[in-house]
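J.: based on what follows, work out the 3D shape:
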Amino acid sequence: MSKPLGLMQEQIVRIVLPRDEHLDEHSAQLLAAGLQAPPSGSPLAVLMDVTDVASVSRAARAVFSNVSTVAAWALLGRTPVDRILAHFILGGDFKSGPASYFTSEIDALKWLKEHAHVH
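T.: Sure, this is the predicted structure:
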């Protein structure tokens, strides 16, 4: 994976899942390890791009659903297949906060700001 995590704003992190690849538990753990709370101690909001991902294992889904430093998750995709994959990920029990699927990055960011209380 090349540069899958990026800070968009102080408390919003973008994760780009690898295109045409299978996301397993180990890969998800590496991504989740990068989701540390900022120095302010406030929780993060995550914009996760699932566009054209081949598949996500149940174990990887469980890793994401147990990240405690994330206040809200917005999953972003374009195609009907992306939507199915995102809803599979969202089928996990996200303990840290709300999670939703979007086809518009602008809408996803607006939703994150409202639901995670980030600026």
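J.: how about the residue nearest to the spatial centre of the chain, secondary structure?
T.: In the chain, the residue lying closest to the centroid (Cα atoms, centre = their mean) is residue 48, at 3.3 Å. Under DSSP: H, G, I helix; E, B strand; the rest coil, residue 48 falls in the strand class.
J.: my guess is it contacts residue 17. True?
T.: Yes: counting by Cβ atoms under 8 Å, residue 48 touches residue 17, with 6.7 Å between them. C-beta: built from backbone N, CA, C; applies to glycine.
J.: the helices in the protein, which residues?
T.: For the chain, applying DSSP state H gives helices covering 25-33, 58-65, 80-90, 105-116.
J.: list the buried residues of the third one.
T.: Buried residues in helix 80-90, counting neighbours by 16 or more other Cβ atoms under 10 Å, are found at 82-83, 85-86, 89-90.
J.: chain center to it, what's the gap?
T.: 12 Å (Cα atoms, centre = their mean, to the nearest Å).
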